[in-house]
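Colleague: here's my sequence, what's the structure:
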Amino acid sequence: MRIEVALIILGMAAVTYVTRAGFTVTLRDRPLPGPIERWLRHVPLAILAALAIPGLLFTGGAVDLPGLAPRLVGGVLTFWLARRTRNLFAAVAAGVLAYLGALRLLT
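Modeller: Here you go, the predicted model:
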C-alpha cells in the first residue's frame with residue numbers, strides 16, 4: 001500500500017472519530033428532544049438506501065436490465081426487513097440469501 005493511501009485512510013478515520021466523539025461528549029448528559037431522537041432512528045436505513053440503491057440499479061453507469069431482477073429481489077427484501085425489524089444485520093443476511101436464490105432461479 002502506498003503511504004499516501006494509508007495517510008488518507010488514517011485522516012478519514014481521525015475526522016470520523018473526532019466528529020462522533022465531539023457529538024457524544026457534548027450531548028452525553030443531555031436528553032435529546034423527541035423529534036431529533038425519532039429522526040436519528042431513521043439514519044441507519046437512510047444510509048443503507050444511499051449506499052445500496054445505485055448498486056442495485058446501475059452497472060457501469062447504466063441501468064442493467066438483465067441483472068436487475070435478482071438484485072431487486074434481494075434489495076427490496078433487505079429494505080423491507082430493515083424497516084420492519086430494525087435489525088440491519090439480519091436484513092442484509094436475508095437479502096443476500098434472497099439475491100442468491102433469485103440469481104439461481106432467474107438466470
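
Colleague: surely Leu88 touches Ala49?
Modeller: No: under the criterion of C-beta atoms under 8 Å, Leu88 is not in contact with Ala49, lying 11.8 Å apart. Just so you know, the C-beta spots here come from the backbone N, C-alpha and C atoms, and that holds for glycine as well.

Colleague: okay, now Phe89: neighbour count?
Modeller: Applying other C-beta atoms under 10 Å, we find 9 other residues in the vicinity of Phe89.

Colleague: gap between it and Ala6?
Modeller: When C-beta to C-beta, to the nearest Å is the yardstick, Phe89 and Ala6 sit 29 Å from each other.

Colleague: can you check which helix is longest in the protein?
Modeller: Of all segments of type helix in the chain, defined using DSSP state H, the longest is helix 3-27.

Colleague: quick one: contacts for the spatially most central residue of the chain?
Modeller: Centroid check for the chain by C-alpha atoms, centre = their mean gives Leu48 as the closest residue, at 2.4 Å. In this structure, Leu48 makes contact with Thr78, Phe79, Ala82, Leu88, judged by C-beta atoms under 8 Å, 6 or more residues apart in numbering.

Colleague: what's the spacing between the helix or strand containing it and its chain's center?
Modeller: Secondary structure assigned from DSSP states H and E places Leu48 in helix 43-57. Shown here is helix 43-57, whose average C-alpha point lies 5 Å from the average C-alpha point of the whole chain (C-alpha atoms, centre = their mean, to the nearest Å).

Colleague: I'd like the average pLDDT over the next helix or strand along the chain from it.
Modeller: Note on helix 43-57: by DSSP H and E, the next helix or strand toward the C-terminus is strand 58-59. The pLDDT scores in strand 58-59 average 78.
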